[in-house]
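> below: sequence and its predicted model.
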Amino acid sequence: MKKSQLFPRNVRKAAFLLCMMTAGLPAFASSHREAPLISSDPQADNTDLYAFRSPDDPGTVTIIANYIPFQLPEGGPNYYTFGANIRYEIHIKNKTTTTGDDITYRFTFNQTNEDNTTFFNIRLGQQNLKTNYTCEKSTDGGNTFTTILSNGVVPPPNIGPRSIISTPVGLGVASYGTLVQNAIGTASTGETLFCGPADDPFFVDLAGAFDAGNFRPEGNTVNAPKDGLARYNVNTIAIKVPISLLQKDGKDAGQAANILDPDFVIGVWASASRMQIKTLNADGTATASGDWVQVSRLGMPLTNEAVIPVGTKDKWNATTPYNDVQFAAFFKNPELALYMDDSQFGGAVPALGALRIQKSALQTYDFRNGKPGLFALRNTAAVSGTAFDETLFGPVLLPDNASPRAVDILPIFYTGVPNLAPYQLATGKAGNPLAAGKPFINNFLPTLGDMLRLNMAVPPTPRNDPNFSSLGIVKAAVLGLTDAAYNTNATLQFIPNMDGFPNGRRLEDDVTTIELQAVSGVALAAIGLWYDDYTPSSTSPVTPQLLNVLGFTAGVTHNDTTFKAAFPYVQEPWRGYDYTLQARF
């Protein structure tokens with residue numbers, strides 16, 4: 001039974017609803033402990049995935065997959081490390097004509113104890129749990145793999161100055177950064193690789209999110225928003241890949257037809273797999289056997305936390321994106337939208353009060369859960385030649401009269417967004433949202449599966465650009481609608497942050513705020529389906545309701561430390577002894 005049936009509109013007392021929702025609101029920890037089974041297996045837990053044009057080396061794309069959440073830097077004597085019986089994989093999709101991966105990178109790890117006579121991780125220049133890795137690559141859908149780097153070096157945990165810097169007690173290196181630089185390897189096929197501990201680059205107010213959506217966007221001195229991942233580490237797998245190795249025809253960025261060339265779109269997802277059977281032996285060892293089974297995966301951030309319901313989370317983790325059609329219904333009526341709708345549970349979540357979905361866009365279209373959305377336009381002359389055309393994607397984007405978010409949330413997560421009307425900025429549309437407007441995104445790869453999609457033809461925004469923003473594509477849309485440098489015509493031009501989430505994902509991107517704004521309909525507004533307080537007589541579509549949505553933040557808007565200017569871009573791990581590092585806020 002739907003929640004709207006359990007709670008009719010005339011029974012919406014806030015206190016009652018809040019009690020009912022406490023157990024039901026999704027977690028916002030990206031993929032940190034996001035499903036029941038994987039929460040018991042942190043070594044195999046994908047935490048986050050990033051894919052972006054390398055800012056200092058724009059002929060390449062950097063992909064970062066993080067694992068093992070909530071690592072206390074002082075967590076010895078058995079520090080966090082990659083699992084020896086796990087396949088960590090990064091998957092690339094660049095064609096619609098194939099049924100699975102087009103490129104797969106597989107990482108496997110092994111540990112060595114150099115001194116079994118001590119309980120220390122590092123002593124007298126020797127290291128226990130010393131970790132190395134092998135990277136293999138497949139270009140035939142995972143049927144065969146070729147080793148492209150063997151005996152790769154994983155830096156030890158950043159235990160403290162005596163273990164890392166001192167001699168002869170420790171390793172005797174100049175700094176932990178020396179270990180990071182020495183661990184960067186080059187694959188035989190041209191990729192640059194790094195595997196090792198790092199600062200967790202994700203940032204979110206976990207306490208507010210878990211408290212039934214009780215975000216603290218404004219905060220105060222008594223109860224300020226807190227980054228729940230501050231001063232925690234993760235284990236990073238980072239690959240910097242020449243664009244020509246990822247593009248389906250071997251082209252580099254200079255060969256793109258334009259900055260939104262559809263032939264340069266890739267889909268990226270990461271996974272971890274274990275063998276089916278674990279045997280505990282009488283001598284204290286454990287062995288693994290049986291077939292390999294996927295136990296964790298990640299594409300778009302927050303999918304398993306904020307879209308997939310708890311009863312389906314473990315199944316989601318075991319499924320590849322190539323079988324994701326079975327989960328599509330959750331994106332057409334996302335649960336989060338119920339808490340941005342005063343006719344449902346909106347009144348019970350005051351922290352989301354600035355986020356309200358269009359119920360009468362252009363005095364006509366209702367995008368609240370279960371409402372028709374744009375369905376009335378399906379198979380009409382008005383949508384001819386647009387993405388909604390029946391001969392194009394109308395059956396997917398306008399499936400029925402009760403799936404309103406199939407027009408925006410579903411494509412953002414499942415197909416990417418095409419550079420087709422109506423998915424262009426309202427700039428140049430002259431008030432008709434179905435008309436052609438100003439292009440600002442094209443990461444369309446219609447494989448109907450959850451992946452992080454990136455158009456590699458889009459130039460990277462310099463990190464020192466005054467318009468660089470953690471709001472990614474949302475900021476690009478704002479500039480394209482309101483800034484005279486970008487809104488004077490509908491011609492394609494580079495707008496800062498066109499390379500930001502959800503066109504890929506940069507380390508700086510505030511994905512929690514972006515996704516909450518997206519569920520609240522900001523993408524619909526960007527293409528001309530304005531909020532309810534807009535009328536044809538309005539002098540500007542930038543209405544108070546739109547400003548409310550754009551002004552909302554999830555409270556924590558940046559990482560607790562800086563990022564490196566060069567590969568692997570993630571910051572060095574926090575040091576266990578005193579939590580210090582040279583480059584901190």
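Done, it's in. Numbers count the residues shown, from 1 in each chain.
> list the contacts for Val61?
If you count contacts by Cβ atoms under 8 Å, 6 or more residues apart in numbering, Val61 has them with 51-54, 240-241, 243, 246, 266, 454, 456. The C-beta positions use only the backbone N, C-alpha and C, and glycine is treated the same way.
> and it, that's in a strand?
Yes - the assignment for Val61, made by DSSP: H, G, I helix; E, B strand; the rest coil, places it in a strand.
> quick one: the strands in this structure?
46-53, 60-71, 86-93, 103-112, 122-123, 126-127, 130-138, 146-154, 185-186, 192-199, 233-242, 265-280, 286-298, 452-455 (DSSP state E).
> can you list the strands that the longest one pairs with?
Read it as strand 265-280. Each strand that strand 265-280 pairs with, and the sense of that pairing, follows from DSSP bridges: strand 86-93 (antiparallel), strand 286-298 (antiparallel), strand 452-455 (antiparallel).
> what's the answer for the second one, then?
Sheet pairing of strand 60-71 (DSSP bridges) gives strand 46-53 (antiparallel), strand 233-242 (antiparallel).
> which regions of the stretch 201-350 of the chain sit below the pLDDT cut-off?
219-221 (pLDDT under 70).
> how about the stretch 51-200 of the chain?
For the stretch 51-200 of the chain, no range has pLDDT under 70.
> now do stretch 464-481: distance from first to last residue.
The first and final residues of stretch 464-481 sit 22 Å from each other (Cα to Cα, to the nearest Å).
> so which residues make contact with it?
Taking contacts as Cβ under 8 Å, 6+ apart, the residues outside stretch 464-481 that touch it are 425-427, 438, 440-441, 461-462, 485-487, 495-498, 500-503, 506, 508-510, 513-514, 517-518, 522-523, 526, 541-542, 550, 557-558.
> repeat the analysis, applying 6 Å as the threshold.
The contact list for stretch 464-481 (Cβ atoms under 6 Å, 6 or more residues apart in numbering) reads 425, 427, 438, 440-441, 461, 486-487, 495-498, 500-501, 503, 508-510, 514, 526.
> now stretch 373-381
Contacts made with stretch 373-381 from outside it, assessed by Cβ under 6 Å, 6+ apart, are listed as 365, 367, 383, 390, 394, 398, 401, 404, 407.
> gap between it and the chain center?
Between the centre of stretch 373-381 and the centre of its chain there are 31 Å (Cα atoms, centre = their mean, to the nearest Å).
> would you map out the domains in this structure?
Residue ranges for the structural domains of the chain, counted by automatic domain parsing, are given in the record as 38-299, 327-557.
> list the buried residues of stretch 39-50.
Judged by neighbour count (16 or more other Cβ atoms under 10 Å), stretch 39-50 contains these buried residues: 42-50.
> report the backbone C-alpha coordinates of it in PDB.
These are the backbone C-alpha positions of stretch 39-50, laid out as PDB (Å, rounded to 0.1, in the frame of the first residue of the first chain):
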ATOM      1  CA  SER A  39      27.400  -2.800   6.500                       C
ATOM      2  CA  SER A  40      29.000  -6.000   7.900                       C
ATOM      3  CA  ASP A  41      31.700  -6.100   5.200                       C
ATOM      4  CA  PRO A  42      33.400  -2.700   5.200                       C
ATOM      5  CA  GLN A  43      36.500  -4.000   3.200                       C
ATOM      6  CA  ALA A  44      34.200  -4.500   0.200                       C
ATOM      7  CA  ASP A  45      32.000  -1.400   0.700                       C
ATOM      8  CA  ASN A  46      32.100   1.200  -2.100                       C
ATOM      9  CA  THR A  47      31.900   4.600  -0.400                       C
ATOM     10  CA  ASP A  48      32.100   7.000  -3.400                       C
ATOM     11  CA  LEU A  49      32.900   7.200  -7.100                       C
ATOM     12  CA  TYR A  50      34.200  10.200  -9.000                       C
END
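> how far out from the middle of the chain is that stretch?
Computed by Cα atoms, centre = their mean, the chain-centroid distance of stretch 39-50 equals 13 Å.
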